[in-house]
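Undergrad: Here is a sequence together with a model predicted from it:
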Amino acid sequence: MHQRPSDSGDGTLGEGRPGVPATPPPLGPALYDQLVGTSPLSQPVTGPHGFPPLGVPRRPLGLLGALRGAFAAIRRHPTATLGVATVGAIVVETIYTVTYLTVPPLSEDMAEWGDSALFSADVTLQCMLSGVIAVVLAGARSGRRVEPDAAAGRAARRLPGLFVIAMLTTLTLIPRPSLGLRFIVLVATLWLGTLFCLAGPAYVVEGGSLGEALSRSRELVKGRGWRTLGIVLATNVLGNIAGWGYFALIDELVPSSYLPPATAGYLLRGLLAVPYDVAVYSMLAAVFALLYLDRTDDADRRGTPPAAWPAGQPGPGGGVGGGWPAGPSTRSGPSTC
């Protein structure tokens, strides 16, 4: 009988008793190694953690595995997740606040364009954060430590491309459609959001062009579109539900009638929105970073490595291309962090 994994409180899962294999992880061995310790699937056949080489399923990453792995990633790398998300959330909320306080009233159409542009800033933050997390996890998985500030700097230099990805996946440049076209726009948004949901981490980690990142995302999603769509929908629905509950609580605790100056009320609500942004965007970004790494592992096994990978002199992380992990062709095998 297999021993059920238990949470020991330090971010690692319980291991099997001597001579008894641990429960197979829901993630691939490489991701399991990175997040929760040494994977039983990567151990020799004999020994306390041995697993038979045959009959062990290599299940693709699903919703529960992605959420579980995202929580583990946040616990193990708080600076790269919560820390970077805090800085980004403050910047985004500052943009919202300054825009509200300084831009004069606009026409309805112009206001919609402005709201769409601001929403793209939110999505850009999520894309950037997923790239940062993917770089840090990929480096740790390869046995190299990539500092969060170095990963954030790498992602920050690619912000224009990430903003384009955000606008493409959300169709924010399309004006408000008529009632008859809203369904078509909704379907197109879901399709593009699923097809290119991994373009952000691919653009940051692999260091290629914007077109290569979009092609890479399409390649990684191919054959698993419905599963990916389910993960995209479920994670965003969970984030929206959390937002509704959180801001409903704010409305109860801080009624606007208690804040006669509209400016003070808006500033306070913007400040209180930061914790929500940090929590939700960290979780969503970690899910997509894990999904990217899982699909990349699967693509490597199928012999379809990325078209571009960071190259250059060794950097701060000990890897190549400014300290970023070496490409799949140079990996020697699974490693633990």
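TA: That came in fine, so what should we check first? Numbering: from 1, shown residues only.

Undergrad: The nearest residue to residue 148 once chain neighbours are set aside: how many residues sit nearby?
TA: In this structure, residue 148 finds its nearest non-sequential neighbour in residue 80, 4.0 Å apart by C-beta to C-beta, 6 or more residues apart in numbering. Bear in mind the C-beta positions are built from the backbone N, C-alpha and C, glycine included. By other C-beta atoms under 10 Å, 29 other residues sit near residue 80.

Undergrad: Helix, strand, or coil at residue 80?
TA: helix (DSSP: H, G, I helix; E, B strand; the rest coil).

Undergrad: same check, this time on residue 143
TA: Residue 143 is classified as coil under three-state DSSP.

Undergrad: next one: phi and psi at it?
TA: Per-residue torsions, residue 143: phi 80, psi 10 (degrees, to the nearest 10).

Undergrad: tell me which element residue 185 falls in.
TA: Assigned by DSSP states H and E, residue 185 belongs to helix 179-195.

Undergrad: OK, contacts around the closest residue to residue 220 other than its chain neighbours?
TA: Nearest non-adjacent residue to residue 220, counting by C-beta to C-beta, 6+ apart: residue 295, 3.9 Å away. Applying C-beta atoms under 8 Å, 6 or more residues apart in numbering to residue 295 gives the contacts 61, 198, 220-221, 224.

Undergrad: among these, which are in helices?
TA: Per DSSP state H, helices hold the following members of those: 220-221.

Undergrad: okay, the contacts of residue 295 in a markdown table with neighbour count and distance to residue 96 next?
TA: Listed next are those as a markdown table, based on neighbours: other C-beta atoms under 10 Å; distance: C-beta to C-beta, whole Å:
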| residue | neighbour count | distance to residue 96 |
| --- | --- | --- |
| 61 | 26 | 33 |
| 198 | 28 | 27 |
| 220 | 25 | 32 |
| 221 | 21 | 31 |
| 224 | 17 | 35 |
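
Undergrad: For residue 264, the count of nearby residues, please.
TA: 12.

Undergrad: could you measure it against residue 270, distance?
TA: Between residue 264 and residue 270 the distance is 11 Å, computed by C-beta to C-beta, to the nearest Å.

Undergrad: repeat for residue 156
TA: Residue 156 is 22 Å from residue 270, where distance means C-beta to C-beta.

Undergrad: what do you get for residue 88?
TA: Taken as C-beta to C-beta, the span from residue 88 to residue 270 is 14 Å.

Undergrad: Looks to me like residue 98 is in a helix.
TA: Yes - assigned with three-state DSSP, residue 98 falls within a helix.

Undergrad: Can you read off the pLDDT for it?
TA: Looking at residue 98, its pLDDT is 82.

Undergrad: buried set for the host helix or strand of residue 237?
TA: Using DSSP H and E, residue 237 sits in helix 225-253. Residues of helix 225-253 classed as buried by neighbour count (16 or more other C-beta atoms under 10 Å): 227-229, 231-232, 234-235, 238-239, 246.

Undergrad: Looking at these, which is nearest residue 183?
TA: The nearest member of the buried residues of helix 225-253 to residue 183, counting by C-beta to C-beta, is residue 229 at 16.4 Å.

Undergrad: my read: that closest one touches residue 194, true?
TA: Yes - using C-beta atoms under 8 Å, residue 229 is in contact with residue 194, at 4.6 Å.

Undergrad: quick one, what contacts the residue nearest to residue 148?
TA: Counting by C-beta under 8 Å, 6+ apart, residue 80 makes contact with 132-133, 136, 148, 151-152.

Undergrad: with the residues you listed in mind, which one is nearest to residue 100?
TA: Proximity of the contacts of residue 80 to residue 100, judged by C-beta to C-beta, is greatest for residue 152, which lies at 26.9 Å.

Undergrad: tell me the contacts of that closest one?
TA: Each residue near residue 152 by C-beta under 8 Å, 6+ apart is listed here: 80, 84, 87, 128, 132.

Undergrad: filter those residues to the buried ones?
TA: Buried residues within the contacts of residue 152, counting neighbours by 16+ other C-beta under 10 Å: 80, 84, 128, 132.

Undergrad: just the angle between the longest helix along the chain and helix 225-253, please?
TA: Secondary structure assigned by DSSP H gives helix 262-301 as the longest helix of the chain. Angle of helix 262-301 versus helix 225-253, following axes from the mean of the first three to the mean of the last three C-alpha atoms, to 10 degrees, is 160 degrees.
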